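Q: Structure, please.
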Amino acid sequence: MPPLVTFDEALELAKISERERIEALIERAWTVRTERFGDSTDMCSLVNAKSGGCAEDCGFCAQSRYAEADTPMHAMMEPEQILEHAKAAEAAGAHRFCMVTQGQGLSKRDFEKILAGARLVAEHTNLKRCASIGHISSARAERLADAGIQRVHHNVETARSYYDEVSTTVRYQGRERTIEAVKDAGLETCVGGILNLGESPRQRVEMAFELAEINPTSVPINLLNPRTGTKFGDRELMDPWEVVKWVAIFRLILPDALFRLCGGRVENLGELQGVAVRAGLNGVMMGNFLTTLGVDPGTDRSTFEELGLNVSRQPDNGANPRPDNRSGWLEGSTPETPIDDLIDSQTEANFWDPSTQLRVIKKRSKPPAYPSERAAPGWGD
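A: Numbering: from 1, shown residues only. The predicted structure follows:
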């Protein structure tokens, strides 16, 4: 479905600052969300399967070798370790599980471990399977599909017009090629970005309309969590009401996409988590994030349930990637599944915990300046 507002109308909505008008916008977005998805939800969890030492210069990321921030690191997980984290995510109530790695792409050996991990997750859990492993070719996308991956995440990060301020070593065109390879392999796409990187309101609208052209299945919205020592480390957090306003605007521009809030939502939203859900979300990234702690999964489930949304799983969750195409989902009651008895117990495995499962490596020397900053004095000098 095309956007429900024009570009100029979205720009006018971006100017809203009065609480009453923002609340009216939220209700409009809530109506759009419930008309298309009913009470269904799409709750995701991740594991940071390989962390740190990234050669790219993305200005928001502490894993970049260009950042002065200490680097959180661990080597590529073994497939059995990936499965253990997936079991914990399922026991915490997640619907889907994403394997995430740093960098533009994986070596042959590490890619094989992702494939093996995906097969194990498909065999031993009822989770939907996602991967976020950087740039991939059409051949690799097809191999992911054969291994049971259903959706591939690959963000554009920001508007095309602002992209060079965010990264110069990872080209926007390369991101587009990966997204096309994912589509060609018959996989669902998960494509979003990060708000508050210094982009203008117009550029946020540009990003939303560029995403509408891509037409991804899922749109994750991240909010900058400024990390000391990164290019954007000195930026202030977003105002919580500004966040929910932009969630609502994105919902009107992308009415059929599955929306979730991911990184930075804890720090930026505070007590407005439930208001953000009402602004049009289908789900959130449950539990912890790549290198930072998140929200207790039980709290996330309660936030959605308080709005009358259904966070239970169907027996065919693992087979059907989208939450709105399951037979009977929007009618009748939700049947219990065996894993329901495990929710909150997490007896199957330890939940992904970056505070204990990442080594933090202190940089011994000053990192190189960001390529985009080398020509002029300023940050990184």
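Q: Which strand or helix spans residue 194?
A: strand 193-195 (DSSP states H and E).
Q: Also residue 42?
A: With DSSP H and E as the test, residue 42 turns up in no helix or strand.
Q: With adjacent residues omitted, what lies nearest to it?
A: Leaving out its chain neighbours, the residue that sits closest to residue 42 by CB to CB, 6 or more residues apart in numbering is residue 283, at 4.0 Å. Where you see a C-beta, it was placed from the backbone N, CA and C, and this is true even at glycine.
Q: before we move on, the earlier item: does anything pack onto the strand holding residue 194? Which helices or strands?
A: helix 201-214, strand 218-223 (3 or more CB pairs under 8 Å, 6 or more residues apart in numbering; DSSP states H and E).
Q: average pLDDT for it?
A: Average pLDDT, strand 193-195: 96.
Q: Tell me which residues of it come out buried.
A: 193-195 (16 or more other CB atoms under 10 Å).
Q: Let me know the closest of those to residue 218.
A: Distances from residue 218 to the buried residues of strand 193-195, taken as CB to CB, are shortest for residue 193 (12.6 Å).
Q: Report the contact partners of that closest one.
A: 155-158, 207, 211, 221-222 (CB atoms under 8 Å, 6 or more residues apart in numbering).
Q: let's see 6 Å
A: 155-158, 207 (CB atoms under 6 Å, 6 or more residues apart in numbering).
Q: Kindly report the same for residue 125.
A: Taking CB under 6 Å, 6+ apart as the criterion, residue 125 is in contact with 86, 90.
Q: And the pLDDT at it?
A: 91.
Q: Show me what the helix ranked longest in the chain packs onto, helices and strands only.
A: When the chain is parsed with DSSP state H, its longest helix is helix 19-37. The contact analysis (3 or more CB pairs under 6 Å, 6 or more residues apart in numbering; DSSP states H and E) places helix 19-37 against helix 240-253.
Q: where does the stretch 201-350 of the chain dip in pLDDT?
A: 288-294, 324-350 (pLDDT under 70).
Q: Report the distance from stretch 206-226 to the chain centre.
A: Distance of stretch 206-226 from the chain centroid (CA atoms, centre = their mean, to the nearest Å) equals 10 Å.
Q: Quick one: end-to-end distance for it.
A: 23 Å (CA to CA, to the nearest Å).
Q: Could you report the neighbour count for residue 267?
A: Using other CB atoms under 10 Å, residue 267 has 14 other residues around it.
Q: Next one: it from residue 158, what distance?
A: 19 Å (CB to CB, to the nearest Å).
Q: Tell me the first helix or strand C-terminal of the longest helix of the chain.
A: Following helix 19-37 toward the C-terminus (DSSP H and E): strand 44-50.
Q: Next one: the closest residue in space to residue 94 that isn't next to it in sequence, what pLDDT does it get?
A: Spatial nearest neighbour of residue 94, chain neighbours left out: residue 45 (3.8 Å); criterion: CB to CB, 6+ apart. For residue 45, the pLDDT comes out at 90.
Q: wait, residue 45 sits on residue 87?
A: No - using CB atoms under 6 Å, residue 45 makes no contact with residue 87, being 10.9 Å away.
Q: If you count surrounding residues, which of these two has more?
A: Counted by other CB under 10 Å, residue 45 and residue 87 do not tie: residue 45 has more neighbours, with 28 against 24.
Q: Cool, thanks, signing off.
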